[in-house]
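> Structure here, sequence nowhere to be found:
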Ligand SMILES: Nc1ncnc2c1ncn2[C@@H]1O[C@H](COP(=O)(O)OP(=O)(O)OP(=O)(O)O)[C@@H](O)[C@H]1O
Ligand SMILES: Nc1ncnc2c1ncn2[C@@H]1O[C@H](COP(=O)(O)OP(=O)(O)OP(=O)(O)O)[C@@H](O)[C@H]1O
Ligand SMILES: [Mg+2]
Ligand SMILES: [Mg+2]
């Protein structure tokens, strides 16, 4: 099967990996550091996507510029969301006890609200625009420029977040918080401040992903959910909180999608994808790079 | 005297660390065996292996001649009960409900809920927790939680009880009371006990024999007075100053 | 006069809300137009139209209950249809139980023949079997020798594939590639590489919009040169042309309507009215079918009034004049409108087949914009 | 000598339960103050309230001249107060090395954390051996050492210790007290909750005896050690004491 | 104590009687709504019997529901309905036993997403099977009247609530609770954790399959993407948490509340009811963590009603 080694497939894998990794990045922060099941992640992406779309359609401003605006808007939303909802969720003992179920519901509610407010504000119609879609020749393969841009931004954003975690003490502080709240505060970590930053950053990264994805996919207020799922798969495959792990998770998913489809049939794509996910968790319940928790 | 427990050349490694290394000893029915050793000597790990929480890397543990399975629930069913050094009560349950779990599933295997409740009420009375019976376990003080560990272990109707530093955090007079309590419990339930404690007075007074671990290996085994005067033990564990105290 | 109350359920929220938006807008357009003309002609008297709309939340389980409620609680005078085949199926039982006639819209499936229902009709002319036969005929006419077929595993496309393959065989056209893919795929590169290698004369994508996007993007990047490139559902949606612009030119798609068809006088008017109402072009498919179903109902009511039996009889027997030309039903099916195909030419969807209906001549796909 | 920490009529508790009832204490700069009392007397509650883990209900806490009742633990840490909590509260996933690193999280403690970590390894060689092991898997005594080391990483001026000898082997207890002695010599003020009353009183300058959430007795340690009340209720010399009174 | 128990039993029986009479009194639409309500109660209570008891939040109960629907669609007109119902229950139980063993090793958020993944996996397997059979959606003609279906659902709902009641006051229930609190400690006290978790998982799978089977008879159309929709799972969790998952009354109140609310809002304010639903959901989670039942009990206790 010579086709398997074709550069087209390689680039497709790369492009898909970068989208998955980018989409997972914001979720990784919120989920990996606070164990909150943010099922509204995709909706926040859509928020970013709509901002990019709206700004482009109205004023022809490049999404590469408006994405910063989208990030700021989402960060504000994150801040509000933290102050109004999550603070209470993570400080009321009765709520913390079932933090999984409760966070699931809070974010589920948030996603329902965002979807329907979105539908009300923008109508449910699918939207799209075209930007930077000229073809670029790389060797024998030609790729749309916007896909290359996504790869580049994804690499930069992932690397930045990774460095932040690896070399700053902030990463440790985040992990300390989730393990032992009292002890964390005794060593001087202010849960409130750290969590607020995480929320703003996580939401901003989601919006960034949305703004970029809007260049290559059509968007509707209701199309966030598949992204949420993809993001969860990526970070769980990689192991919670491990940014490097989630890049590998993204790569694995992309490979299954591209090469799995090529080897068998695209008909089995979803079965393969979910199958691999289930298999990995059956074999390694803590994800590929997760550490077993004491 | 019949042999209750045989520990045979048991080793447990964690990655590069050998927590317990080639330890063997026997224990008789009705005996109180002390387990002594510096921090990190492997005492708790040994308990975990006897209670089935951790599987030995090599070696064998026999309880009444049968190999102890590496599954805590099955070990409990055989009649082995342990307390946790770092206590782990069921925080959302009341003290009574904590105990009922053991009564229903331990080697007593009581099937009737009301009967289990009565058994547990008796046990809580014995360990002095009856006043707190309906309080959530999370509200107990540390000492209270240690008592609860004992009560829970007892509720499984064990024959071998493993006590891991249950007296830590008590003051001198409380220790005296607790010692009397444990002795009483031992006789009433005809238990055999292995006890880990860093308070010398306890080991010296309670145990019939003491096994000393040092860096995972068995350093020696003997009566309290033999152990207390052994120079190796003094060097490795007690520190010169405490010899006189003991 | 007392208003005529017309009820229907439609997805305003949830995953089908985007696709339901077109039909909903078409219904509302129709209502506004009728009311502007002084109301609905009910066997001679004009009465204003009032809608009773329920959101089915994209949950097919809710549809039957909604129509039950419309009929027995709200006691509406007339019904319009929800969006999508599955929702049509879900309410057939209710319609039969109450003997309440309803003109269907956006449903197409061979299974409707097994229905033997007396209270529902389907105005589409893109029934899978006719669609397959017509497609084979068109390809043969164009001199196509080899095709690649690429199908998404969803009801309607799959039924189409099943009818298309034997028809191609009969027409002596070789199927060099027959791929299926699961809904939700995110990449189509391997299939496209294969198509590129095989160089068929025609690529037939029995697709839905999300995967139609993948095809368009990949085909452009890999420069698929087949002169005939077909996408089942997708290209007529407004967002599609925004995304692909000139690249959409010469892509063929399903559809039996064009605003440029001169002998359907209202077609252009509908196009313009819809565009001025929503700011977007109608999607040539769902919005048109929805509008047609309302027109048919309108004309049947003008003839028979609101009596259910008279109405049923009128719908079953009359010929109606719609934006899509004359429509007459036999059984549940539209038997007058032939199966057609659309092709985008200079950004406008033109009917290119069959020749007697065509508004423009087929043009081979020549190039992708760089 | 000045007072570093002072409470006035401090009240605190959990939910409907009022545990501390009008506790007034003072910790002198540079001294060791011991808190003793039977089980459930409220020692841990007092420590948690001082550190800010529990809110003050009534009364007030003054730390180094500031009223700190409204401050959270990190803010009190910034003023130099560090607590070694009961039950250790280690971060189970962290390695020993990570734990020490995070111990120096407070801004004033960040500089020179590496050197301080090395000091800790010297104080507790056992931790050095285990530096890359997860804290959750350490033995009970090792965790206790780790908790103390973590606290020391934050350069405290006032170190509160809630039963730091819990689970330590006798030789290690001696070692610990020796270490505390040395820490004290560097000018750090110590507040010590300890069950071994004899040791506690012999090592401290001043002591408070808590009973049922109140200060039952207080005074210079040497004096308390000789008091018949203390002997009776805490040193297990009941018979003699009973016959005396 | 006994008096309270008797009065509570009487309340439940009264509720059951009312639920049994209701379908006969309301029209076709009312019957549809009641049928859905009973269905949701059965689903939610079944979920509570596993997830609330063990703390393993399953986001995959749609798989059992869909499985039941699929079996009914496949065997329509070939087997009697009752037989299919039993078969559906058995099949779901078997599937739960099969996947439960490896899944239940996974904890916390991992389990949540794993169960979601399992449900989606199964959905796409069904999609592939149907495609390879050349079938695109199955139409079920001649299904029983909604009145009968609503009675069927009522039986399932009653059984599911009964399951929760019996579990709560049983030995198994205590074991599950211990697992929820601390699995290691539970095992050390003799609870065969894997066994009890698996048992609860299997028990909680049976009734949802039957609910699915009846539901497909109502919609008369089976299509895998619809029948296995993850929204089902989300709705179940929502109802359980809103009602309060610690008591058998929780699922009933939760399902009834959400159904009622959406009935009221749905026709009054079509544009905003989903938004409002979301806001209410937020309010409930944040301000009534023990659900409606919890709030209600707290009020009663405060008023001195206690028991
Ligand atoms: N699960 C584990 N993974 C890695 N290392 C472990 C694990 N459990 C124990 N250890 C190591 O094994 C050694 C023995 O631990 P153990 O808990 O048995 O000591 P101990 O004798 O009970 O000490 P202490 O008196 O302090 O409680 C320790 O150094 C500990 O770090
Ligand atoms: N979280 C809690 N909720 C309710 N009451 C509590 C809680 N924690 C402790 N208490 C109660 O507060 C009282 C004082 O407890 P505290 O832990 O301060 O005692 P202590 O002196 O430290 O005891 P010990 O010597 O056992 O550590 C006890 O009666 C205890 O039951
Ligand atoms: Mg130990
Ligand atoms: Mg204490």
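All right, it came through fine. Worth saying up front: this structure is predicted, and the values here are computed from it rather than measured. Ligands and ions are numbered 1, 2, ... in the order given.

> Low-confidence stretches in chain D?
D:1, D:232-245 (pLDDT under 70).

> The residue nearest to the spatial centre of it: what's it in contact with?
Centre of chain D computed as the mean C-alpha position; nearest residue by CA atoms, centre = their mean is residue D:161, 1.5 Å away. In this structure, residue D:161 makes contact with D:83, D:84, D:148, D:180, D:190, D:191, D:192, D:193, D:194, judged by CB atoms under 8 Å, 6 or more residues apart in numbering or on different chains. (C-beta placed from N, C-alpha, C; glycine too.)

> Pretty sure the second one sits against residue D:158.
Meaning residue D:84. No: the pair residue D:84 / residue D:158 is not scored as a contact, 11.8 Å apart, by CB atoms under 8 Å.

> Now name the helix or strand holding the residue of the stretch 201-350 of chain C found nearest ligand 2.
Closest contact between the stretch 201-350 of chain C and ligand 2, by CB to the nearest ligand atom, is at residue C:210 (52.9 Å). Here residue C:210 is covered by helix C:209-222, with elements defined by DSSP states H and E.

> ditto for residue D:27
Counting by DSSP H and E, residue D:27 is part of strand D:17-28.

> contacting residues around that strand?
Contacts with strand D:17-28, where a contact means CB under 8 Å, 6+ apart, come from B:139, D:1-13, D:33, D:42, D:45-46, D:49, D:57-59, D:158, D:189, D:191, D:205-206, D:208, D:210, D:212-215, D:218.

> tell me the angle the next helix or strand after it makes with strand D:17-28.
The element immediately downstream of strand D:17-28 (helix or strand, assigned by DSSP H and E) is strand D:32-37. If you take axes from the mean of the first three to the mean of the last three CA atoms, to 10 degrees, strand D:32-37 sits at 160 degrees to strand D:17-28.

> what angle do the very next helix or strand once past strand D:32-37 and strand D:17-28 make?
Next helix or strand after strand D:32-37 toward the C-terminus (DSSP H and E): helix D:43-51. Helix D:43-51 and strand D:17-28 are oriented at 70 degrees to each other (the same axes, to 10 degrees).

> wait, does helix D:43-51 make contact with ligand 2?
Yes: residues of helix D:43-51 contacting ligand 2 under CB under 6 Å from any ligand atom: D:43, D:44, D:45.

> circling back to that earlier point, mind listing what the strand holding residue D:27 pairs with, with the direction of each?
strand D:3-14 (antiparallel) (DSSP bridges).

> buried set for the strand it pairs with?
The neighbour-count check on strand D:3-14 (16 or more other CB atoms under 10 Å in any protein chain shown) flags D:3, D:4, D:5, D:6, D:7, D:10, D:11, D:12, D:13 as buried.

> Same check on stretch A:143-162?
Quick answer for stretch A:143-162 (16+ other CB under 10 Å): A:143-144, A:146-151, A:153-154, A:157-158, A:161-162.

> What are the contacting residues of that stretch?
Against stretch A:143-162 from outside (CB under 8 Å, 6+ apart): A:11, A:14-15, A:18-19, A:21-22, A:25, A:28-29, A:64, A:131-136, A:205, A:208, A:212-213, A:215-216, A:243-244, A:247, C:217, C:220-221.

> redo that, cut-off 6 Å
Applying CB atoms under 6 Å, 6 or more residues apart in numbering or on different chains, the external contacts of stretch A:143-162 come out as A:11, A:15, A:18, A:21-22, A:25, A:132-134, A:136, A:212, A:215-216, A:243, C:221.

> With stretch D:217-225 instead?
D:201, D:204, D:206, D:207, D:208, D:209, D:230.

> rerun at 10 Å
With CB atoms under 10 Å, 6 or more residues apart in numbering or on different chains as the test, stretch D:217-225 has contacts from D:24-26, D:31-37, D:197-198, D:200-211, D:227, D:229-231, D:233-235.

> if we can go back for a sec, quick check: bridge partners of the residue nearest to the centre of chain D?
With DSSP bridges as the criterion, residue D:161 is bridged to residue D:84, residue D:192.

> In terms of helices and strands, where is the residue in chain A positioned nearest to ligand 4?
Of all residues in chain A, residue A:182 sits closest to ligand 4, at 14.1 Å by CB to the ion. In this assignment (DSSP H and E), residue A:182 forms part of helix A:181-186.

> Could you name the helices and strands sitting against that helix?
Taking 3 or more CB pairs under 10 Å, 6 or more residues apart in numbering or on different chains; DSSP states H and E as contact, the helices and strands that helix A:181-186 lies on are helix A:169-179, helix A:191-213, helix D:43-51, helix D:73-78, strand D:81-84, helix D:96-103, helix D:140-152.

> can you list the residues of chain D near ligand 3?
By CB under 5 Å from the ion, the part of chain D that sits against ligand 3 consists of D:139, D:140.

> Give me the domain ranges for chain D.
Here the domain assignment for chain D is D:3-80+D:156-242, D:90-155, based on automatic domain parsing.

> what's residue A:128 in contact with, if anything?
Residue A:128 touches A:49, A:53, A:57, A:214-220, C:213, C:237-244, counting by CB under 10 Å, 6+ apart.

> any idea how far it is from residue C:271?
Noted for residue A:128: a distance of 21 Å to residue C:271, by CB to CB, to the nearest Å.
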